[in-house]
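> Sequence plus the predicted model coming up.
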Amino acid sequence: MSGTHASHDTIRARVHMWFGMLPHKFVMDKVEVVFNAARYRMFLGQLEIIENRQDQPAFQPSLSSEISAVERE
């Protein structure tokens, strides 16, 4: 994700904040910017729901019961 436009740096910083450091072999095909304020608020609400759920026990990995390498990936 390289660009000369100033907004590209802002988007790149937000993606880095959300995903952290991505592996070097990872290629991001595209990033869609939402201009509709209502949809953006809805997206943020859904993102918050997902982030809150990740701490619940049902969403934690159970490494002791996973027996194949495919399940761990």
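Received, thanks. Numbers count the residues shown, from 1 in each chain.
> Only C-alpha atoms from now on, for both contacts and neighbour counts.
OK.
> Spatially central residue for this protein, please.
In the chain, the centroid-proximal residue (C-alpha atoms, centre = their mean) is F19; its distance is 4.8 Å.
> roughly how far apart are the nearest residue to Q60 once chain neighbours are set aside and L47?
Closest residue to Q60 apart from its sequence neighbours, by C-alpha to C-alpha, 6 or more residues apart in numbering: Q54 at 7.1 Å. In this view, Q54 and L47 are 11 Å apart by C-alpha to C-alpha, to the nearest Å.
> repeat for S62
24 Å.
> Then R41?
10 Å.
> for S65, same thing?
Taken as C-alpha to C-alpha, the span from S65 to L47 is 28 Å.
> what does A58 give?
A58 is 18 Å from L47, by C-alpha to C-alpha.
> longest single helix anywhere in this protein?
If you go by DSSP state H, the chain has its longest helix at helix 37-53.
> What helices and strands are in contact with it?
Where contact means 3 or more C-alpha pairs under 8 Å, 6 or more residues apart in numbering; DSSP states H and E, helix 37-53 is not packed against any helix or strand.
> And it, how far out from the chain middle?
12 Å (C-alpha atoms, centre = their mean, to the nearest Å).
> Render the CA-only coordinates of that helix in PDB, please.
The C-alpha coordinates for helix 37-53 follow below in PDB (Å, rounded to 0.1, in the frame of the first residue of the first chain):
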ATOM      1  CA  ALA A  37     -21.400   8.400   7.500                       C
ATOM      2  CA  ALA A  38     -24.300   6.200   8.600                       C
ATOM      3  CA  ARG A  39     -22.700   3.100   7.200                       C
ATOM      4  CA  TYR A  40     -19.400   4.000   8.800                       C
ATOM      5  CA  ARG A  41     -21.000   4.300  12.200                       C
ATOM      6  CA  MET A  42     -22.700   0.900  11.600                       C
ATOM      7  CA  PHE A  43     -19.400  -0.600  10.600                       C
ATOM      8  CA  LEU A  44     -17.700   0.800  13.800                       C
ATOM      9  CA  GLY A  45     -20.600  -0.600  15.900                       C
ATOM     10  CA  GLN A  46     -20.200  -4.100  14.300                       C
ATOM     11  CA  LEU A  47     -16.400  -3.900  14.800                       C
ATOM     12  CA  GLU A  48     -16.900  -3.000  18.400                       C
ATOM     13  CA  ILE A  49     -19.200  -6.000  18.900                       C
ATOM     14  CA  ILE A  50     -16.600  -8.300  17.400                       C
ATOM     15  CA  GLU A  51     -13.800  -6.900  19.500                       C
ATOM     16  CA  ASN A  52     -15.900  -7.300  22.700                       C
ATOM     17  CA  ARG A  53     -16.700 -10.900  21.800                       C
END
